[in-house]
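Trainee: Attaching a predicted model along with its sequence, questions to come.
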Amino acid sequence: MGSAIHAATDELRAAFRTNGYVVVPDLLDSTEIEQYGAAVDAAVAHRQAHDSRTLAQKSRYEQSFQQCINLWEDHRDVAPLTFHPRIAEAAARLLDVASVRVWHDQALYKQPGGRHTDAHQDQPYWPIEETNTVTAWIPFQDVDRSIGAMHYVPGSHRFGVREFSDIFFGTGFDLDDESLTRGTPPESIDVAAGSVAFHHGLTMHGAAANQTDRTRRVHTVIFFADGSHRTSTNQRHQSVDRADIEPGAVIASDATPVAWPPSAQLPDTPAPLVPSSPGWPGWDGSFR
Ligand SMILES: O=C(O)CCC(=O)C(=O)O
């Protein structure tokens, strides 16, 4: 690990606590970017090989990105990225916990001409009681607004809002609605390849359209504090359903392995997906 590799310093942790997002610079070196970028490219191509639709033929949601979930399980060369110790350690430090688990990973490839990503909070999509959650957003190329940069409403993870926003069939949050955002405008964040943007599970966010002729290649990993519980609602989600985690129980299974502290070996591939997990698109394997 070279000296240029950074960490979630106290300053960055304070910024994350205040704003609900932060960019941790230089977590991956150029060799890793090339290697993992190629691995995720191949995994996405494999998962999407059956899909010959043009962008215009896809749903609004699918026009925002090609979403490929849990690539670490069936594309084992992606696993070292999903469980990358520097990224997992940064997540644990930002959440201020000793140990984090992976909820799931997902590639989010925004195709040339891909529409913007509608605004939402992530946490309402997940039946996790505690809100000690964070997503690592890992671009394989420099990202600015023209290719689909993320934007975040600063401090919105502390607004007391935990509200499902339907980006699958609807248009998501209206960030011009001051009663939602407290009049705080979203901030668009450029991220250089090698750096990782982290956002809290309650931070309101979206992403710009891809106006370039290149795909915006991004891998993401969702981490949650070890010891978190499944909500007592009947909200379904493969990350808990497939391991029969009961409502109210601690979420701990081989479907959501510990990423920090790191293990000597990468986690094994867990049992296959539950064939049909009602809820919302993606959880029945339709994006696989
Ligand atoms: O990459 C995008 O376009 C959206 C990402 C996102 O919403 C997320 O990672 O929670």
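Mentor: Perfect, thanks for sending it.
Trainee: Can you tell me what sits against stretch 40-56?
Mentor: Here stretch 40-56 makes contact (C-beta atoms under 8 Å, 6 or more residues apart in numbering) with 63, 66, 68, 71, 74-75, 77-78, 81, 107, 109, 111, 113-114, 140, 217, 219, 287-288. Backbone N, C-alpha and C define where each C-beta goes, glycine included.
Trainee: let's go with 7 Å and repeat that
Mentor: Residues from elsewhere that reach stretch 40-56 (C-beta atoms under 7 Å, 6 or more residues apart in numbering): 63, 66, 68, 71, 75, 78, 107, 109, 111, 113-114, 217, 219, 288.
Trainee: Mind checking which of those are in helices?
Mentor: 63, 71 (DSSP state H).
Trainee: From the contacts of stretch 40-56, list just the buried residues.
Mentor: 63, 66, 68, 71, 75, 78, 107, 109, 111, 114, 217, 219, 288 (16 or more other C-beta atoms under 10 Å).
Trainee: what is the third one paired to in the beta sheet?
Mentor: Which is Cys68. Counting by DSSP bridges, Cys68 forms beta bridges with Ala107.
Trainee: That one is in contact with Leu108, isn't it?
Mentor: No: assessed by C-beta atoms under 7 Å, Cys68 is found out of contact with Leu108, at 8.4 Å.
Trainee: for the residue in the stretch 1-150 of the chain that the ligand sits nearest to, what are its contacts?
Mentor: For the stretch 1-150 of the chain and the ligand, the shortest gap (C-beta to the nearest ligand atom) falls at Thr117, measuring 3.5 Å. Taking C-beta under 7 Å, 6+ apart as the criterion, Thr117 is in contact with 64-65, 206-207.
Trainee: Just the closest of these to Ala91, please.
Mentor: Ala207 (20.0 Å; C-beta to C-beta).
Trainee: Excluding residues flanking it in the chain, which one is nearest the closest one?
Mentor: Of all residues not flanking Ala207 in the chain, Thr117 sits nearest, at 3.8 Å (C-beta to C-beta, 6 or more residues apart in numbering).
Trainee: repeat for Asp166
Mentor: Gly172 (7.0 Å).
Trainee: Wait, that neighbour touches Asp118, no?
Mentor: Yes: counting by C-beta under 7 Å, Gly172 does reach Asp118; the two are 3.0 Å apart.
Trainee: wait, does the helix ranked longest in the chain contact the ligand?
Mentor: For the chain, the helix that runs over the most residues, judged by DSSP H, is helix 30-48. No: applying C-beta under 6 Å from any ligand atom, one finds helix 30-48 separated from the ligand by no less than 13.3 Å.
Trainee: what does the average pLDDT come to for that helix?
Mentor: Mean pLDDT, computed over helix 30-48, is 97.
Trainee: Quick check: the residue nearest to Ala207 vs Leu28, distance?
Mentor: Distance from Thr117 to Leu28, counting by C-beta to C-beta, to the nearest Å: 23 Å.
Trainee: Ok, Ala252 next?
Mentor: From Ala252 across to Leu28, the span is 28 Å (C-beta to C-beta).
Trainee: These two: who's more crowded?
Mentor: Leu28 (23 against 15; other C-beta atoms under 10 Å).
Trainee: does His237 really touch Pro124, like I thought?
Mentor: No: at 11.3 Å, His237 does not count as touching Pro124 under the criterion of C-beta under 7 Å.
Trainee: Which one of these two is surrounded by more residues?
Mentor: The neighbour comparison of His237 against Pro124 (other C-beta under 10 Å) goes to His237, with 23 against 15.
Trainee: OK, contacts around the nearest residue to that one once chain neighbours are set aside?
Mentor: Nearest non-adjacent residue to His237, counting by C-beta to C-beta, 6+ apart: Pro127, 5.3 Å away. Counting by C-beta under 7 Å, 6+ apart, Pro127 makes contact with 230-231, 233, 235, 237, 240.
Trainee: Among the residues you listed, find me the one that's closest to the ligand.
Mentor: Distances from the ligand to the contacts of Pro127, taken by C-beta to the nearest ligand atom, are shortest for His237, at 14.8 Å.
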